[in-house]
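A.B. asks: Let's see this in three dimensions:
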Amino acid sequence: MLNRNGFEIARSRDHEIWVRKNAEGRIEMRVSVSHGNAEIRTRGLFSRMLKQAGKTEQHFYEVLERR
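C.D. replies: Predicted structure coming up:
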């Protein structure tokens, strides 16, 4: 979902760091994503990731359906 919304992976160690840059190449948004087991275990984590990305839960599922 992040990649489909203009984010690119900047780093992947303990967590992945995804960034979206503006036209000048400056980072305008940053999202930390836990590697976990490729699933979101808690509702709070999911909400924080959406908030960091500036997206709604509805938007998240709409993007997933566009496969």
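A.B. asks: Going along the chain, name the strands of this structure.
C.D. replies: 8-12, 15-21, 27-34 (DSSP state E).
A.B. asks: measure the residue lying closest to residue 28 once chain neighbours are set aside to residue 10 for me?
C.D. replies: Spatial nearest neighbour of residue 28, chain neighbours left out: residue 22 (4.7 Å); criterion: CB to CB, 6 or more residues apart in numbering. C-beta: built from backbone N, CA, C; applies to glycine. Residue 22 is 15 Å from residue 10, where distance means CB to CB, to the nearest Å.
A.B. asks: Just the residues contacting the top helix by length along the chain, thanks.
C.D. replies: In the chain, with assignment by DSSP state H, the single longest helix is helix 43-53. Counting contacts by CB atoms under 8 Å, 6 or more residues apart in numbering, the residues outside helix 43-53 that touch it are 1-2, 5, 7, 18, 29-34, 40, 56-57, 60.
A.B. asks: For PyMOL, write the select line for the buried members of these.
C.D. replies: Isolation of the buried members of these (16 or more other CB atoms under 10 Å) is achieved in PyMOL through the command below:
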select buried, resi 1+2+5+7+18+29+31+33+60
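A.B. asks: Show me how far the longest helix of the chain is from its chain's centre.
C.D. replies: For helix 43-53, the separation from the chain centroid amounts to 9 Å (computed by CA atoms, centre = their mean, to the nearest Å).
A.B. asks: what's the answer for stretch 18-28, then?
C.D. replies: Counting by CA atoms, centre = their mean, stretch 18-28 comes out at 14 Å from the chain centroid.
A.B. asks: residue farthest from the centroid of this structure?
C.D. replies: residue 24 (20.8 Å; CA atoms, centre = their mean).
A.B. asks: tell me the pLDDT at that residue?
C.D. replies: As summarised for this prediction, residue 24 has a pLDDT of 95.
A.B. asks: I'd like the distance between it and residue 5.
C.D. replies: For residue 24, the distance to residue 5 (CB to CB) stands at 19 Å.
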